Structure formats: structure tokens, C-alpha cells
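1. what shape does this take:
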Amino acid sequence: MDNVPIIRTVSGLRHFLHCFPSNLNESASPSSTVIGQIGLVPTMGALHTGHLSLIQRARQENQCVIVSIFVNPLQFAAHEDLTEYPQTLDQDQALCQEQGVNAIFAPSIDTILADDPLTQVIPPASLTENLCGPHRPDHFTGVATIVLKLLNIVQPTRAYFGQKDAQQLTIIQRLVQDLNLDVTVVPCRLIREATGLALSSRNQYLNPQEAQQATILHHSLQAAQHTFQGGSCDRNSVLTTVAQTLAKEPQVEVDYIDLVDPLTLQPLEHITTQGLVAVAARVGSVRLIDNILLDARRPILAMDGPAGAGKSTVTRRCAQALGLQYLDTGAMYRAIAWLALDKQVEVSNTFAIAELVEDCNIELKPHPDPQQPPQVWVNQQEVTQAIRTPEVTSQVSAVAAQPPVREALVKQQQRLGRQGGLIAEGRDIGTHVFPEAGLKIFLTASIEERARRRQQDLKDQNLPSPTQSELEDLIASRDQQDSQREFAPLRKAYDAIEINTDGMTIEQVITQITTLYQERFPAQA
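-> Okay, here's the model as predicted:
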């Protein structure tokens, strides 16, 4: 097998991607999504286990994975360690080869920064005035500028960033949002050494004694979490705990300790939903950062799986059993179909539908009868029954298939999810809509079992039924179509728990899922 190619020019990379998928190497994952989806993992090289976790996630979720290696001079101040930053391209190439990376983009400084002065991207001051911003004044302008260049060069479907650099992640998410970039930023969990020290390329500068001293950063964050779980949600209590713990290692020189809103990076006085506790400190000559997210919300339960696996019924019943809000995503698509009919907009008029959905506000409110689906409101009008008419039903599929509808509704679903405590089902709830869900279930069953259930449903309704073999062929075809959709393909999330319901009653399935939720979140039970 040839080594993963190292591409050093913009034109070379674009040619590689243009020829894709003929350039696809034999290590591509057979379980990845539709052809054409590209995952980008931006790095500065000196790859470690943290980087590899990003690559592994990208490999699971895309057909092609590009790792960029570029030590960005714009994000280093004059007194920082640019010239000493480790560069281990041969080792990085070997690691990328092991992980099935399709190509490494390793441009020179002259390739990326050919023109002087360079057009730069300046993030909002509100995102840089706290945490690392005052200590590294031009750092995030340099980061945002180069990340934007990489996104424009590669034009990936998804880009993967670690949550260790929490401020950087928030700034990049805002960059993508504000500049309307067609890419999904995927936050990936922070990876630690066995000692608890957050993985960083700079850790190699620590001598054994300093490495031990540095573990106090993680211990201080664990202490903050313990304080928070004990019921203290105010700024003073949380930060005092961190400061007192850090003081146990006098050789560790603290730059800052802060509690901020993870979306705005503004200081928090009290945690009502989420709070990010962030620390930066110098250990010897090395500056290290670390953080922890304190979440006061009830966790989200995401339910995905193929058609006919019983997701809708199970999801609604689990919502009742766990006291979670049922997010009826199907009702939201029905609401758009109803609105199109109400406004006399042809479903085939995709431009008009796009305009319609962009200005539409959908609310889901609990029904007074907990056995009933949520009430649905569209632009302050209650439409719970209206969206269930045959006229609406006949239009839903055509409406839901339109990318602008999906994009707008996913944004609304994510806004509804910010308060936590909900359950939703679909094809990509855990992979795209709520990738941060606390528990992800992939509910499935064999084609034979799903065909048998469908046949029984039709008989129960006194409706004509195809043969078992015909139903199996239809279900297999539907599975293939759903898995290869360009938008919202059916995929199992990398961290989902798969439950095969063959031979199980619905009560057994619900019991297994509710037990998993209660075991994972005992405080929420």
C-alpha cells in the first residue's frame, strides 16, 4: 500500500479533490456516508492521540478525510515558541496512513501567506476579550484567518475541532455562522492522558516533574464539577474551588480562571443551563490550557434507526417514562407542508418554499393529555389537527426532501434543544441535529422482522398486504436509499448504542432504553 500522499499546493489539493473518488485509497471506511462527503481535520502537526480521535471521527462520518498540517505563524506572538514548535511530518504521515486518511495537505508558509499585507478575519471583540484573548492579543485573528483559508481551499462537508481549545472552537463556529459557510463544524471531546492532563503537542516540553505538577489543572476542574454537582451553581463558589485546588501546586503560575457562557464566552454569575470553566497556567516554560463544561440541563436522548424499526412509538413511550419533552420532528415537517398549502405555495416551487420556511416559527407545546402528541403552533397559530389531514400528508415527503426546509428546521430543533431534557427520533438526530446528546440509541431490526411487523400492521388495519418477500425487497431498497441520501443520510452515530429489537416486545425495548438513561444519568432519574 502506498503512503498517504502529502500535497503541498492549493492547485494540487484541488486537483486531488476534483478527481475524487477515483483517488480514494483502499482504506476508506465501507460504513462511511455518501460519496462526495469530505472531512477536514486542521492541525499544526506533531500529531498525538487527541488528533487521532478527530481523524477517527472524521473517518467514520465521511468518504474522504483530509488532514491539514500547517504551523500557522499568524497565531504566534513574537515571544512565543513558533521556531521551536515540533514538526514531525514523517511520523505524522505514518499515523495518518494507519488511520486511513486520504491525503495530507501540508503547504509551505509562502503558499498560504503569499501576499503581504494579507486580508485577515477579525472575530467579534466579545469572543476575544476574555480567557486567552487578553494574554494573546492577535492569536485568534491569526487562527480565524487561516481556518477560513483552509475551509475555502478544501471546501469540506465537515471540519473537526477539539473541545480542549474551547475559545477557538466557539470563534470558529461563529465564523462559519456569520460568513454563511457551507460546512458543519464538529466539536470533538477533549482527550486526556492517563494522569488527566489534557493532550497537547506542547506536553512534550514538560519534564517528568512538571508533567506531574500540570495534572493539578485537571484536578481543579474536577473539584469545580464536584462543587457544581453538590448544588453550588454561582460563580464565586465554582471559581474559589478551582483557585484553592490550583494553589496546592505553587510551581504552577496561573494566567486566568474563569466561568463563561460557552456560546458567548461572556462571564457567568450563575449557571442556569451551561457554564464553561476554563483555566490557563504556566508550568515551567510551558503554557497549558484546560476546561470543563458544567451542564445544569437534563440530557438529550437521540433515537435513530432505519424505517420500520419502531422508533416513533418507542420514542413517545420513552418520553412519557422518563419525563422528557418529545420533540416531534415529523410534526415540524408537516407544519411546513400545512403552511405551504395555507399560503397557496406550490410544493414544487423550491424557492418559494425556502423563503416560507426561513420566516416560519414553529412551537411544540406539551398536550394537556400526556398520552397525546405535543400541540403544534405555526407563527402563533395552533395547527395540531390541521397538520394531520390527508392533504398535508400527501405533501410532506416532497417538502421534507428539500434541503432549505431541512436546514431551517434543524436550526429550530437545535434551538429547542438548548434547554435540554428532550427526546427525538429520525435518521441523523444523533449525528447531526444533536451530536452532543447525552445518550444516543440506534434502534434497528432485521429486514425480515421489519417486514413481518409491517405485514401484521396492514392486516390489523384490514388493508391489502404484499407478500413477506415483496416487503423485504421494499425495505431493503428503502434502507439503501436512506443510507445514500445526500442530505440527512441514515447513519449510526460513532458513540451510539445499537439495539436490535428482533424477538423483543415494545415493553422490553422501552425498559432497556429507560434503564440505560437512568444508569448513565442517575441524578436525572
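
2. and Val242, what does it touch?
-> Contacts for Val242 (CB atoms under 8 Å, 6 or more residues apart in numbering) come out as 220-221, 223-224, 257, 277, 279. From N, CA and C alone the C-beta is placed, and that goes for glycine too.

3. let me fix that: Trp338
-> Trp338 touches 378, 383, 386-387, 389, 392, counting by CB under 8 Å, 6+ apart.

4. kindly export the helix or strand harbouring it (C-alpha atoms) in CSV.
-> Per DSSP states H and E, Trp338 falls inside helix 329-342. Provided in CSV are the C-alpha atoms of helix 329-342 (Å, rounded to 0.1, in the frame of the first residue of the first chain):
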residue,chain,number,x,y,z
THR,A,329,-39.6,16.4,14.2
GLY,A,330,-42.2,14.8,11.8
ALA,A,331,-44.8,17.3,13.0
MET,A,332,-42.4,20.1,12.2
TYR,A,333,-42.2,19.0,8.6
ARG,A,334,-45.9,18.6,8.5
ALA,A,335,-46.2,22.1,9.7
ILE,A,336,-44.2,23.4,6.8
ALA,A,337,-46.4,21.4,4.4
TRP,A,338,-49.5,22.8,6.0
LEU,A,339,-48.1,26.4,5.8
ALA,A,340,-47.4,25.9,2.1
LEU,A,341,-51.0,24.8,1.5
ASP,A,342,-52.3,27.6,3.6
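
5. quick revisit: can you flag the buried ones in the contacts of Trp338?
-> Neighbour-count burial (16 or more other CB atoms under 10 Å) is assigned, among the contacts of Trp338, to 378, 383, 386-387, 392.

6. would you format those residues as JSON lines with secondary structure included?
-> Below are these laid out as JSON lines (DSSP: H, G, I helix; E, B strand; the rest coil):
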{"residue": "Val378", "secondary structure": "strand"}
{"residue": "Val383", "secondary structure": "coil"}
{"residue": "Ala386", "secondary structure": "helix"}
{"residue": "Ile387", "secondary structure": "helix"}
{"residue": "Val392", "secondary structure": "helix"}
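
7. just those now: which is nearest Asp138?
-> Nearest to Asp138, judged by CB to CB, of the buried ones among the contacts of Trp338 is Val378 at 46.8 Å.

8. what residues does the nearest residue to Lys365 once chain neighbours are set aside make contact with?
-> Spatial nearest neighbour of Lys365, chain neighbours left out: Gln375 (4.4 Å); criterion: CB to CB, 6 or more residues apart in numbering. Gln375 makes contact with 364-367, 382, 384 under the criterion CB under 8 Å, 6+ apart.

9. with Gly430 instead?
-> If you count contacts by CB under 8 Å, 6+ apart, Gly430 has them with 302-304, 437, 440-442, 493, 495-496.

10. 7 Å instead?
-> Taking CB atoms under 7 Å, 6 or more residues apart in numbering, we find Gly430 in contact with 302, 304, 437, 440, 493, 496.

11. and it, what pLDDT?
-> On the pLDDT scale, Gly430 is placed at 94.

12. phi, psi for it please.
-> As for Gly430, its main-chain torsions (degrees, to the nearest 10) stand at phi -80, psi -20.

13. distance of it relative to Glu436?
-> Here the criterion is CB to CB, to the nearest Å. By it, Gly430 lies 10 Å from Glu436.

14. quick one, strands of the stretch 401-525 of the chain?
-> Along the stretch 401-525 of the chain, the segments classed as strands by DSSP state E, counting those that start in this stretch run 422-426, 439-444, 497-500.

15. and the ones you listed, which one's lowest on average pLDDT?
-> Ranked by mean pLDDT, the strands of the stretch 401-525 of the chain bottom out at strand 422-426, with a mean of 93.

16. any idea of the angle that one forms with strand 439-444?
-> Counting by axes from the mean of the first three to the mean of the last three CA atoms, to 10 degrees, strand 422-426 lies at 30 degrees to strand 439-444.

17. strands paired with strand 422-426, and their directions?
-> strand 301-304 (parallel), strand 325-327 (parallel) (DSSP bridges).

18. any idea how far the shortest one is from the chain center?
-> Just to be clear, that refers to strand 325-327. 20 Å (CA atoms, centre = their mean, to the nearest Å).

19. model confidence over it, on average?
-> If you average the pLDDT over strand 325-327, you get 91.

20. can you list contacts of it?
-> Against strand 325-327 from outside (CB under 7 Å, 6+ apart): 315-316, 319, 364, 374, 413, 416, 421-424.

21. got it, and stretch 313-324?
-> 301, 303, 325-326, 370, 421-423, 425, 443, 506, 509-510, 513-514, 517.

22. before we move on, which element is Arg282 in?
-> Assignment of secondary structure by DSSP H and E places Arg282 within strand 274-283.

23. on contacts alone, who are the packing partners of that strand?
-> With contacts defined as 3 or more CB pairs under 7 Å, 6 or more residues apart in numbering; DSSP states H and E, strand 274-283 has these neighbours: helix 208-214, helix 216-229, helix 235-246, strand 252-260, strand 286-295.

24. show the average pLDDT along that strand.
-> Per-region confidence: strand 274-283 scores 97 on mean pLDDT.

25. quick one: distance of it to the chain centre.
-> 22 Å.

26. before we move on, what about stretch 246-264?
-> Offset of stretch 246-264 from its chain centre (CA atoms, centre = their mean): 26 Å.

27. likewise for stretch 281-301?
-> With CA atoms, centre = their mean, you get 18 Å for stretch 281-301.

28. now do the buried residues in that stretch.
-> Neighbour-count burial for stretch 281-301 flags 281, 283-284, 286-295, 297-301 (criterion: 16+ other CB under 10 Å).

29. do the same with stretch 340-353
-> 340-341, 347, 350, 353.

30. and what of stretch 270-283?
-> For stretch 270-283, the neighbour count (16+ other CB under 10 Å) marks 271, 274-281, 283 as buried.

31. let's have those residues in TSV, adding distance to Ala400.
-> TSV is the format used below for the buried residues of stretch 270-283 (distance: CB to CB, whole Å):
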residue	distance to Ala400
Ile271	37
Gln274	31
Gly275	36
Leu276	35
Val277	40
Ala278	40
Val279	45
Ala280	46
Ala281	50
Val283	53
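
32. which among these gets closest to Ala194?
-> Closest to Ala194 out of the buried residues of stretch 270-283 is Val283 (17.7 Å), distances taken as CB to CB.

33. contacting residues for the closest one?
-> Contacts for Val283 were tallied using CB under 7 Å, 6+ apart; they are 206, 210, 213-214, 252.

34. any chance of CSV for those residues, columns distance to Ala523?
-> Output for these, formatted as CSV (distance: CB to CB, whole Å):
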residue, distance to Ala523
Leu206, 35
Glu210, 36
Gln213, 33
Ala214, 30
Val252, 31
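
35. how about these in TSV, adding pLDDT and distance to Leu199?
-> Formatted as TSV, those follow (pLDDT from 0 to 100; distance: CB to CB, whole Å):
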residue	pLDDT	distance to Leu199
Leu206	96	12
Glu210	97	16
Gln213	98	17
Ala214	98	12
Val252	97	18
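
36. for Gln512, what are its contacts?
-> Ile499 are the contacts of Gln512 under CB under 7 Å, 6+ apart.

37. 10 Å - rerun?
-> By CB atoms under 10 Å, 6 or more residues apart in numbering, Gln512 lies in contact with 314, 441, 497, 499, 501, 504.

38. please check those residues and keep the buried ones.
-> Neighbour counting with 16+ other CB under 10 Å marks 314, 441, 499, 501, 504 as buried within the contacts of Gln512.

39. wait, what's in contact with the third one?
-> Ile499 sits next to 303, 305, 309, 314, 441-445, 508-509, 512-513, 516 when contact means CB under 10 Å, 6+ apart.

40. which strand residues bridge it?
-> Beta bridges link Ile499 to Leu443 when assigned by DSSP bridges.
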